[in-house]
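*Asks:* here's my sequence, what's the structure:
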Amino acid sequence: MLKEGDRIPSFTLPGIDEEGKEREVSSEEFSGRRVILYFYPKDNTPGCTTEACDFRDNLSVLKEMGYTVVGVSPDPVSSHRKFREKYGLNFYLLSDEDKSVAKLFGAYGPKKAYGKTTEGIIRSTFVIDEEGRIIKAWRNVRAKGHVRNVIEALRKLGQKR
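*Replies:* Sure thing, here's the model as predicted:
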């Protein structure tokens, strides 16, 4: 499982870029950029919609801070397209159908829901610096209010740089 200070592995996933183009997206294209990479379980579900719309609504603040937002779920690109259009999402949405990238980041595994343990995507967010290193990680987060917490942490990190 990757942790703060680790360099992210190279990966390529199908998805939709910030302009809405369907294409293969490689982690290498984010080299030299600050990235917020977040993993979420499923398009068009209440928590995932709350989180995605929160990122959408705060995208201008995050961009001013120099960050690119990338959402990843196991849903196919066709589902991402509908999710993007329905909610006016304007950031990357990548499809990790075999969950291989989520597993690399420790964003897939056992989780509890309603007292039951199941295997699935663990809602997680990673802040990645220009050199491809994880500088902040959150796992098993609650969707509501999470983006506000990310922005507060980024402001604190910015003061330390």
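*Asks:* and the helices in this protein?
*Replies:* 46-57, 59-64, 77-87, 100-104, 146-160 (DSSP state H).
*Asks:* average pLDDT across the longest one?
*Replies:* Computed over helix 146-160, the mean pLDDT rounds to 89.
*Asks:* what angle do that helix and helix 46-57 make?
*Replies:* Helix 146-160 runs at 40 degrees relative to helix 46-57, counting by axes from the mean of the first three to the mean of the last three C-alpha atoms, to 10 degrees.
*Asks:* can you name the farthest residue from the center of the chain?
*Replies:* residue 115 (25.9 Å; C-alpha atoms, centre = their mean).
*Asks:* quick check, pLDDT for that residue.
*Replies:* Confidence score, pLDDT, at residue 115: 87.
*Asks:* okay, now the unreliable bits of this structure?
*Replies:* Along the chain, the model assigns pLDDT under 70 to residues 159-161.
*Asks:* so which residue is dead centre in it?
*Replies:* Centre-nearest of the chain using C-alpha atoms, centre = their mean is residue 38, 1.6 Å out.
*Asks:* check contacts around it.
*Replies:* 51, 55, 69-72, 123-126 (C-beta atoms under 8 Å, 6 or more residues apart in numbering). The way it works is simple: take the backbone N, C-alpha and C, and place the C-beta from them, glycine included.
*Asks:* mind running it again at 7 Å?
*Replies:* 71, 124-125 (C-beta atoms under 7 Å, 6 or more residues apart in numbering).
*Asks:* same question, residue 20
*Replies:* residue 84.
*Asks:* same deal with residue 122?
*Replies:* With contact taken as C-beta under 7 Å, 6+ apart, residue 122 is in contact with 107-109, 111, 139-140.
*Asks:* still on that earlier bit, relative to residue 104, how far out is the residue nearest to the centre of the chain?
*Replies:* 15 Å (C-beta to C-beta, to the nearest Å).
*Asks:* same deal with residue 45?
*Replies:* Taken as C-beta to C-beta, the span from residue 45 to residue 104 is 23 Å.
*Asks:* what does residue 46 give?
*Replies:* Taken as C-beta to C-beta, the span from residue 46 to residue 104 is 27 Å.
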